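# attaching a predicted model along with its sequence, questions to come.
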Amino acid sequence: QVQLVESGGGLVQPGGSLRLSCAASGRTGSRYSMGWFRQAPEKEREFIAAISWSAGRIYYADSAKGRFTISRDNAKNTVYLQMNSLKPEDTADYYCAADMRGIYYLSGSISDYQYWGQGTQVTVSS
């Protein structure tokens with residue numbers, strides 16, 4: 001079992017920045033990829049970014065390229081999502097997720113992730 005807890009969400013003005021964190025506990029001795037997803041009201045959950053265990057491979061959705069940066073600190077069992085130049089359309093609940101299939105996998109598919117956090121809300125509004 002892996003427990004994931006997101007933090008760092010909140011209200012920010014358009015053009016502002018937020019840094020989300022996702023703290024993992026449980027099977028922290030395992031090596032796994034991590035992903036960030038988001039779900040806006042009345043929309044399906046969508047992929048934002050994924051990072052391999054070593055952080056040597058990173059994968060972004062087109063909507064995140066150039067504005068969002070995913071990173072991880074394995075010593076702290078934490079994954080981050082730095083979000084810059086935020087837009088009102090970035091308003092959503094943001095979720096981190098763990099893919100326990102192994103270090104060679106890096107996926108943008110929701111079904112490939114076995115563990116999910118409870119989400120943190122991000123609102124971009126003036």
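Structure received.

# let me see the ranges of the helices in the chain.
In the chain, no helices are defined using DSSP state H.

# contacting residues around the residue most central in space within the chain?
In the chain, the centroid-proximal residue (C-alpha atoms, centre = their mean) is W36; its distance is 2.2 Å. Contacts were defined as C-beta atoms under 8 Å, 6 or more residues apart in numbering; by that measure W36 touches 20, 22, 48-50, 68, 70, 79, 81, 94-97. C-betas here are computed from N, CA, C, even on glycine.

# try 7 Å this time
By C-beta atoms under 7 Å, 6 or more residues apart in numbering, the contact set of W36 is 48-49, 70, 81, 94, 96.

# can you list the weak-confidence ranges in the chain?
28-29 (pLDDT under 70).

# quick one: the strands in the chain?
For the chain, the strands defined by DSSP state E occupy 2-7, 10-12, 18-26, 33-39, 46-51, 58-60, 68-73, 78-83, 92-99, 115-116, 120-124.

# buried stuff in the fourth one?
The one in question is strand 33-39. 33-38 (16 or more other C-beta atoms under 10 Å).

# so can I have a markdown table of the strands of the chain showing distance to L106?
Output for the strands of the chain, formatted as a markdown table (distance: least, C-beta to C-beta, whole Å):
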| stretch | distance to L106 |
| --- | --- |
| strand 2-7 | 17 |
| strand 10-12 | 29 |
| strand 18-26 | 16 |
| strand 33-39 | 5 |
| strand 46-51 | 5 |
| strand 58-60 | 5 |
| strand 68-73 | 11 |
| strand 78-83 | 13 |
| strand 92-99 | 8 |
| strand 115-116 | 16 |
| strand 120-124 | 23 |
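
# run through the residues that contact Q3.
So Q3 contacts 25-26 (C-beta under 7 Å, 6+ apart).

# list the beta-bridge partners for it.
Counting by DSSP bridges, Q3 forms beta bridges with S25.

# how near is it to R67?
29 Å (C-beta to C-beta, to the nearest Å).

# how about R31?
Plainly put, R31 is 28 Å away from R67 if you go by C-beta to C-beta.

# neighbours around S54, how many?
11 (other C-beta atoms under 10 Å).
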